[in-house]
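Student: Model the following, please.
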Amino acid sequence: MPEDRGTLRQVAWTELFPWLDLLRIFRLAIQARILLLSAAAVLLTFAGWWVAGKVFNGGDSEAPRPLSVAPWGVVVDEPTGDEIRRTPPGFVAPGDMLLRPTSLSSGAENPLVAAWHNLSAPFRQLFAPELSVVGLAYLLVCALWVDLIWSFFGGVITRLAALQYTRSERGSLRGAVRYVTSRYTAYVTAPLFPLFGVLLFVLPVALVGLIGHAGSVGLTTVAILWPLFLVAGLVIVIFLVGLLFGWPLMWPTISAEGTDSFDALSRSYSYVYQRPLHYLWFALVAGFLGALAAIVVHYFAAAVLYLTAWAVSWGAGGAVLGDLSETAPVADQLLTFWAGLVQLITVGFTYAFFLCAATIIYFLLRYEVDGTETDEVFVEEQSEKFGLPPVTTDAAGVAVMADAAAEDEMADNGADVAS
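Tutor: Residues are numbered from 1 along each chain as shown. Predicted coordinates for the structure are as follows:
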């Protein structure tokens, strides 16, 4: 009896190694609409931080602690808080572009590290020792601004990424905006709930700690109660560690499940604590891919700047290749502006890659923990109305459909009715 032999036609590599889906991050993040959304969010974020810095500085020489480097014009020296003006990162004069075409690529950063660090900066700095009241207020405003801006733009980006990853189709930008707008409160409050939990444990400990001002007896009482403080400290650490590594999963949770902030909080903490090694592996792979992608994007932007200056130099000659700040200040400012736009798009790619990576990592962790397939995503049902056409009566009082009644009336008037 002949043996039945099956022929292996194809290997489902993504079923054997689900983390290979992370290779799709770059394709998602490089889309024009996602890049523009991310760039707009970056611009609004740093604009808000700049305004907050001016308001809380109030003309005093001691500015609040800085957060990061804005895409244009200002570099802040973190130890001193002094502002140092410079040209936008990645911008060089057209002549320098010809001499150093890879100057922009030297500023490439790992998207996962850079985006996580910058977006969480105001929240992390809230726990800095010896923080003044003005500095605390400044950081709270900056943290709230980050949450408000990125809850919307991050929600739209993760929603678009979730739909394309699971359904292999480009979702509607208008539909994604409507989806996020209807759940905007959930996007905003999800990262804030753990901080409220921390506050609930910090306040009682701080109030009891006031006893320490009562001299030796007070300090002895505090020492006796120290084990209770340690329990509170343990709970605070659990809250903060889960938030520190789980907040990138909260927005993808709402975008993928159509759920509320409590479910986003529960799922993110569950995945962080139940599958920490899986999460670490996915983050390492995504970080490696992000480092390669950042180099590609920055070299591509550098090539755009270089070849543009190279082409213009054929006609303009050396007039446009030198330092224009004194000879043609308006032209110099315009060139700075256009080069800054290119730089802003490259910065936007950093955050777009981060959010798309967080979305895919969420689906992979959901599969590992809950067993839910990676192609399942919440899609709102289209509310279409089905029913019978309107009913009316004819000249004889017989009930007929409205269209039929119109045809009978036309026939009575001698008009031809198409069958």
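Student: so where do the strands sit in this structure?
Tutor: 74-77, 82-85, 391-393, 399-401 (DSSP state E).
Student: does residue 293 really touch residue 110, like I thought?
Tutor: No. Shown here, residue 293 and residue 110 do not form a contact pair, counting by Cβ atoms under 8 Å, at 9.4 Å. All C-beta atoms are positioned from the backbone trio N, CA, C, and that covers glycine.
Student: Show me the shaky parts of the stretch 51-200 of the chain.
Tutor: 58-108 (pLDDT under 70).
Student: and with 90 instead?
Tutor: The stretch 51-200 of the chain contains residues with pLDDT under 90 at 51-114, 117-142, 167-172, 197.
Student: all helices in it, in order from the N-terminus.
Tutor: When assigned using DSSP state H, counting those that start in this stretch, the helices of the stretch 51-200 of the chain occupy the ranges 94-99, 111-125, 133-167, 173-182, 184-189, 193-209.
Student: Tell me who's in contact with residue 374.
Tutor: If you count contacts by Cβ atoms under 8 Å, 6 or more residues apart in numbering, residue 374 has them with 18, 21, 165-166, 363-364, 366-367.
Student: Find the nearest non-adjacent residue to the residue nearest to the spatial centre of the chain, please.
Tutor: For the chain, the residue nearest the mean C-alpha position is residue 154 (3.6 Å; Cα atoms, centre = their mean). Closest residue to residue 154 apart from its sequence neighbours, by Cβ to Cβ, 6 or more residues apart in numbering: residue 251 at 4.8 Å.
Student: Run a quick neighbour tally on the nearest residue to residue 134 once chain neighbours are set aside.
Tutor: Nearest non-adjacent residue to residue 134, counting by Cβ to Cβ, 6+ apart: residue 56, 5.7 Å away. The local packing of residue 56 (other Cβ atoms under 10 Å) involves 17 other residues.
Student: where's residue 56 relative to residue 260, distance?
Tutor: 33 Å (Cβ to Cβ, to the nearest Å).
Student: repeat for residue 224
Tutor: According to Cβ to Cβ, residue 224 stands 42 Å off from residue 260.
Student: Look at those two and report which has more neighbours.
Tutor: residue 260 (16 against 9).
Student: The nearest residue to that one once chain neighbours are set aside: how many residues sit nearby?
Tutor: Closest residue to residue 260 apart from its sequence neighbours, by Cβ to Cβ, 6+ apart: residue 186 at 4.8 Å. Residue 186 has 23 neighbours, counted by other Cβ under 10 Å.
Student: Thought residue 254 was touching residue 186, still the case?
Tutor: Yes. Contact between residue 186 and residue 254 holds when scored by Cβ under 8 Å: they sit 5.4 Å apart.
Student: Between the two, which contacts overlap?
Tutor: In contact with both residue 186 and residue 254: 260-261, 264, using Cβ under 8 Å, 6+ apart.
Student: how much space between the residue nearest to residue 241 when sequence neighbours are not counted and residue 365?
Tutor: Excluding its sequence neighbours, the residue lying closest to residue 241 (Cβ to Cβ, 6+ apart) is residue 272, at 7.7 Å. Residue 272 sits 9 Å away from residue 365, going by Cβ to Cβ.
Student: Just want to know which of the two has more residues nearby.
Tutor: Neighbour count, other Cβ under 10 Å: between residue 272 and residue 365, residue 365 has more, with 22 against 19.
Student: Tell me, what's the model's pLDDT at the more buried one?
Tutor: The model reports residue 365 with a pLDDT of 94.
Student: show me what contacts it?
Tutor: Contacts of residue 365 (Cβ under 8 Å, 6+ apart): 249, 271, 275, 278-279, 282.
Student: ok, back up a step: shared neighbours, residue 272 and residue 365?
Tutor: Contact with both residue 272 and residue 365 is made by residues 249, 279, according to Cβ under 8 Å, 6+ apart.
Student: hang on, the earlier thing: list the contacts for the residue nearest to the centre of the chain?
Tutor: By Cβ under 8 Å, 6+ apart, the contact set of residue 154 is 41, 187, 251, 355.
Student: I'd like to know which of these is nearest to residue 287.
Tutor: Proximity of the contacts of residue 154 to residue 287 (Cβ to Cβ) peaks at residue 355, which lies at 14.4 Å.
Student: so how far is residue 145 from that closest one?
Tutor: The gap separating residue 355 from residue 145 is 18 Å, by Cβ to Cβ.
Student: Could you do residue 182 as well?
Tutor: As judged by Cβ to Cβ, residue 182 and residue 145 stand 22 Å apart.
Student: Repeat that for residue 228.
Tutor: In this view, residue 228 and residue 145 are 36 Å apart by Cβ to Cβ.
Student: Settle it for me: which of these two has more neighbours?
Tutor: Shown here are residue 228 and residue 145; by other Cβ under 10 Å, residue 145 has more neighbours (18 against 12).
Student: Grab the nearest non-local neighbour of the more buried one.
Tutor: Spatial nearest neighbour of residue 145, chain neighbours left out: residue 48 (4.2 Å); criterion: Cβ to Cβ, 6+ apart.
Student: can you tell me which residues contact that neighbour?
Tutor: Residue 48 neighbours (Cβ under 8 Å, 6+ apart): 142, 145, 149.
Student: quick one: which of these is nearest residue 244?
Tutor: Of all the contacts of residue 48, residue 244 sits closest to residue 142, with 17.6 Å by Cβ to Cβ.
Student: Any idea how many residues pack against that closest one?
Tutor: By other Cβ under 10 Å, neighbour count at residue 142 equals 25.
Student: show me the contacts for it.
Tutor: Contacts for residue 142 (Cβ under 8 Å, 6+ apart) come out as 48-49, 52, 67, 122.
Student: What's the ChimeraX line that selects buried ones from those?
Tutor: Buried residues among these (16 or more other Cβ atoms under 10 Å), as a ChimeraX selection:
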select :48,49,52,67,122
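Student: Show me which of the contacts of residue 142 is closest to residue 234.
Tutor: Nearest to residue 234 among these is residue 122, at 25.2 Å by Cβ to Cβ.
Student: thought the closest one was touching residue 147?
Tutor: No. Applying Cβ under 8 Å as the test, residue 122 and residue 147 come out as separate, 9.3 Å apart.
Student: And residue 188, how far from residue 195?
Tutor: Distance from residue 188 to residue 195, by Cβ to Cβ: 12 Å.
Student: for residue 151, that is, sorry about that
Tutor: 14 Å.
Student: low-confidence ranges in the stretch 301-419 of the chain?
Tutor: Residue ranges of the stretch 301-419 of the chain with pLDDT under 90: 301-347, 370-419.
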